[in-house]
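# Sequence plus the predicted model coming up.
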Amino acid sequence: MKLIILDRDGVINHDSDEFIKSPDEWIPIPGSLQAIARLNQAGYQVVVATNQSGIARKYFDMATLNAIHQKMHIAAQQVGAEIDTVFFCPHAADESCDCRKPKPGMLHEIARRYDISLKGVPTVGDSLRDLQAGFVVGCIPHLVLTGKGKKTQATGGLPPGTLIHADLAGMVDKLLQHSSGTTAAA
């Protein structure tokens, strides 16, 4: 099975410092849903792993989070893309749970659910915590420069082997070129 793990905010959709609190605020980054469709066509199952502390902070409730994800799924399906599963952590940073990235609990759950090792599985994020969570379970970290990505790149301290891309569409281009054995002109 080919699996890829994507963060949500800042990777698939535009991020907000005030949180994405309603379906109306969920706006896809241009090309991101089409990139997911290309992953599907290449045989990848696409999984989302996202911290959603807005629930713990009472910015939105589970029904609203479900409505946001329903909008994401419908928008993806409209371009021929399928997001297999969405895993999320509803806890605030001070709750010391194991599922909030950069801790690897959510990724361990993905490995259990799909009954696979995550060694070599690409994980895509715009923040250091996304990359760290993936790295400690053996994923190959990919930083996108959308969302908080440029700030993350400037801060440094990326996990060893982190690959950097302008956006999810560029990451998928490189991944699919690499897996087909072709090289792209720089």
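Cool, got the structure.

# could you point out which element follows the longest helix anywhere in the chain?
Counting residues, the longest helix in the chain under DSSP state H turns out to be helix 62-78. Next helix or strand after helix 62-78 toward the C-terminus (DSSP states H and E): strand 83-89.

# pLDDT score assigned to residue 156?
pLDDT recorded at residue 156 is 89.

# Spell out, range by range, the strands that occur in the chain.
Here the chain has its strands, by DSSP state E, at 2-6, 44-51, 83-89, 122-125, 140-144, 163-165.

# Is there a neighbour count for residue 93? I'd like the number.
For residue 93, the neighbour count with other CB atoms under 10 Å is 12. Backbone N, C-alpha and C define where each C-beta goes, glycine included.

# On the pLDDT front, check it for me.
92.

# re earlier: give the buried residues for the longest helix of the chain.
64, 65, 67, 68, 69, 71, 72, 75, 76 (16 or more other CB atoms under 10 Å).

# Out of these, which comes closest to residue 40?
residue 76 (9.1 Å; CB to CB).

# and that closest one, what does it touch?
33, 36, 37, 82, 83 (CB atoms under 8 Å, 6 or more residues apart in numbering).

# ok, the second one touching residue 13?
No. Counting by CB atoms under 8 Å, no contact exists between residue 36 and residue 13, whose distance comes to 11.6 Å.

# can you map out the helices along this protein?
32-41, 62-78, 105-114, 128-136, 149-155, 168-180.

# Of these, which stretch is the most buried?
Of the helices of the chain, the one with the most neighbours on average (mean count of other CB atoms under 10 Å) is helix 128-136, at a mean of 23.

# Show me the contact partners of that helix.
Residues contacting helix 128-136 (CB under 8 Å, 6+ apart): 5, 7, 11, 49, 51, 101-104, 106-107, 118, 121, 123-125, 140-143, 152, 155, 157-162.
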